[in-house]
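Engineer: Following is a predicted model, sequence given first.
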Amino acid sequence: MYLKSNFIAFQTILNKEIARFLRIWTQTLLPPVITQSLYFIIFGGFIGSQIKDISGISYMQFIVPGLVMMAIINSSYTNVVSSFFGSKFQKNIEELLVSPVSTSTIIAGYTGGGVARGLLVGAIVLAVSAFFTTPQLENIGIILIFSTLTATIFALGGLLNGIFATKFDDMSIFSTFILTPLTYFGGVFYSIKDLPLIWQSISKVNPILYMVDGFRYGFYGISDFNIYTSMNTLFFVCFILFIINYYLIKKGVGLRT
Amino acid sequence: MSKAVEIHNLLKTYKNGTQALKGVDLNIAEGDFFALLGANGAGKTTIIGILTGLVNKTSGDVSIFGLNQETHLDEIKKNIGVVPQEFNFSIFEKVIDIIVFQAGYFGMTKKQALIRAEELLKALELWEKRDVISRTLSGGMKRRLMIARSLMHNPKLLILDEPTAGVDVELRFGMWNYLKKLNQNGTTILLTTHYLEEVEQMCKNVAIIKDGQIIKNNSVKNMLMSIETETYSVTIDKDLTHYLLKELTANKIDNNTFEIDLGKEFTVMDLTKYLEKNNYTILDIRPTGNRLEKLFLKSLKN
């Protein structure tokens, strides 16, 4: 009974989240597709044509996985932070707090919404990339695992941000000052092997690098790191973020007075 | 009679040091229609917040339907419906979606939720508005939407925090009737309101809270009986004289109307006799305002 009612609650939150981002698709789905298309045209087309192949694939092909991943990261993160903070701001989070929904279900529902948007945007960007190049799909399983794990991590990160956010400005601080730089330095536009040694070492502390690298492996079968180590690390990060969110929501941080 | 709510020595101190509740003791019987009265900031919403799990208590014991709130919060939540003071639904969603989603949080399937939604929206005269985006509803409709939402899972205890604020008179009467019917069907109701007429009309028991402490707790009937005087508005056939007003210790309202406090010492009958004796005819006599309001203000003053 407990499991059944929580499963229904999970479905409800997930459906509500999906309905929300589909309702405002001009704000949630269209902008990342336009931005990534511009990257394809400028970096892949205009500049990329002057850049030599990387590990045997064209520059345009090389950046496709990174740009898809970038869209997934931003969309999954933004979805949860804006939806959760929006619910706090409008106080309709109280609808959930006065109901017998478990903390895990709340986390799963919101995260699921973020993952759904991230993967949908990623799929659209990937489809758009077909207008510019033909990306190979070497291992769809790896592609799905890395994209889902990455979307989950950033959805959980968005939730964490949403828990602490007390004003609208708080929603963009992390994404502007941390997420965007890490994404740009995360091997989207270059292979880490092309960097000087010192920058290679510095880059290795950037978690996004492993996400992009593993994801790219799924497309072309090439990677700078062991993808199974990357995958396990991502699982571990998901788990840690889940625990932190669980503790904060259970304690009522940012939710209860 | 078994108790719906038992609160013992409840204390709440907010992080900024505000002591919102200073040892509240309160019992509400199952099936009761209970009013909690108090000025703004007296602690009413804090009590409601603690009962519903939105506010963490500092100390004290809270049980709902015999279940300890600390250990059985989820079980308790299944039995509680809340109508908060502020509108707290998503203003971008349709009326039907808001209440169907709410049912989902309580584990109701969509099919069950849609049946219940139709029943409630029709009863609260919102069925025609089911596909309307909630922000376009009028204030009264928004209030009724919140009542419908709170009742989706058929709670045994309904908590209403100023549910008729901003609702026009006609709608308010409609809501009163609906709530009375709900109570008659067995739902325990805890109500906070600023309309004391509402309490007099609907509630069986009432508590007055001041500065985080319950200062009066009795049946509405007993409370009303404890009121010694009542103010009447009296209209007579001749112009009022300064002498008459002084004799009666009355306040002039217009040339023919005055207000006077009547009670055990000087009753309506005494007044009638006095006016007849002085060749005045009473054209109209009626109590002014609300008796409970007087008691409430007096309690707060004391």
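Structural biologist: The structure has been received and is ready for your questions. Residues are numbered from 1 along each chain as shown, chains lettered A, B, ... in the order given.
Engineer: Stretch B:28-42 near chain A at all?
Structural biologist: No - Stretch B:28-42 does not reach chain A (Cβ under 8 Å from any Cβ of the partner chain); its nearest approach is 14.2 Å. Every C-beta, even on glycine, is put in place using the N, C-alpha and C of the backbone.
Engineer: hmm, who's touching that stretch?
Structural biologist: For stretch B:28-42, contacts defined as Cβ atoms under 8 Å, 6 or more residues apart in numbering or on different chains pick out B:1-5, B:26, B:44, B:47, B:65, B:156, B:179-180, B:183, B:186, B:188-193, B:196, B:198-199, B:202-212, B:220, B:296, B:300.
Engineer: same question, stretch A:174-192
Structural biologist: Contacts for stretch A:174-192 (Cβ under 8 Å, 6+ apart): A:43, A:54-55, A:62-63, A:66-67, A:69-70, A:73-74, A:77-78, A:81, A:154, A:157, A:161, A:200, A:203-204, A:206-209, A:211-213, A:216, A:224.
Engineer: on that earlier part again, among the contacts of stretch B:28-42, which ones are buried?
Structural biologist: For the contacts of stretch B:28-42, a neighbour count by 16 or more other Cβ atoms under 10 Å in any protein chain shown gives the buried set as B:3-5, B:26, B:44, B:47, B:65, B:156, B:179, B:183, B:188-193, B:196, B:198-199, B:202-210, B:212, B:220, B:296, B:300.
Engineer: so who does residue A:82 touch?
Structural biologist: Residue A:82 makes contact with A:158, A:162, A:171, according to Cβ under 8 Å, 6+ apart.
Engineer: Next: residue B:283.
Structural biologist: Residue B:283 makes contact with B:235, B:236, B:237, B:256 under the criterion Cβ under 8 Å, 6+ apart.
Engineer: Count the neighbours of the closest residue to the second one other than its chain neighbours for me.
Structural biologist: It refers to residue B:236. Spatial nearest neighbour of residue B:236, chain neighbours left out: residue B:280 (4.5 Å); criterion: Cβ to Cβ, 6 or more residues apart in numbering or on different chains. Neighbour count for residue B:280, taken as other Cβ atoms under 10 Å in any protein chain shown: 18.
Engineer: Assess the claim that residue B:280 and residue B:235 are in contact.
Structural biologist: No - with contact defined as Cβ atoms under 8 Å, residue B:280 does not reach residue B:235; the gap is 10.3 Å.
Engineer: In the stretch 101-250 of chain B, mark out all the strands, start to finish.
Structural biologist: With DSSP state E, counting those that start in this stretch applied, the stretch 101-250 of chain B shows strands at B:157-161, B:188-192, B:205-210, B:213-219, B:229-236, listed in chain order.
Engineer: and the first one, what's its mean pLDDT?
Structural biologist: Right, the one you point to is strand B:157-161. Mean pLDDT, strand B:157-161: 94.
Engineer: near chain A at all, it?
Structural biologist: No - judged by Cβ under 8 Å from any Cβ, strand B:157-161 stays clear of chain A, getting no closer than 9.3 Å.
Engineer: Can you give the distance from that strand to the centre of its chain?
Structural biologist: In terms of Cα atoms, centre = their mean, to the nearest Å, the centre of strand B:157-161 is set 10 Å apart from its chain centre.
Engineer: same question, stretch A:73-80
Structural biologist: In terms of Cα atoms, centre = their mean, the centre of stretch A:73-80 is set 6 Å apart from its chain centre.
Engineer: Looking at the stretch 151-300 of chain B, which residue is nearest chain A?
Structural biologist: Proximity to chain A, evaluated over the stretch 151-300 of chain B using Cβ to the nearest Cβ, is greatest for residue B:153 at 8.1 Å.
Engineer: What is the neighbour count of the closest residue in space to that residue that isn't next to it in sequence?
Structural biologist: With sequence-adjacent residues excluded and distances taken as Cβ to Cβ, 6+ apart, residue B:153 is closest to residue B:106, at 3.9 Å. Residue B:106 has 23 neighbouring residues, counting by other Cβ under 10 Å.
Engineer: From what I see, residue B:106 and residue B:81 are in contact.
Structural biologist: No - taking contacts as Cβ under 8 Å, residue B:106 lies outside contact range of residue B:81: 9.6 Å.
Engineer: Going through the contacts of stretch A:174-192, which ones are buried?
Structural biologist: Of those, these count as buried by 16+ other Cβ under 10 Å: A:43, A:54, A:62-63, A:66-67, A:69-70, A:73-74, A:77-78, A:81, A:154, A:157, A:161, A:203, A:206-209, A:211-213, A:216, A:224.
Engineer: now, which of those lie within helices?
Structural biologist: Using DSSP state H, the members of the buried ones among the contacts of stretch A:174-192 that fall in helices are A:62-63, A:66-67, A:69-70, A:73-74, A:77-78, A:81, A:154, A:157, A:161, A:203, A:207-209, A:211-213, A:216.
Engineer: Chain A: helices as residue ranges?
Structural biologist: Applying DSSP H to chain A gives helices spanning A:2-23, A:25-28, A:30-39, A:59-90, A:93-97, A:103-129, A:140-164, A:169-174, A:180-184, A:197-203, A:207-220, A:227-251.
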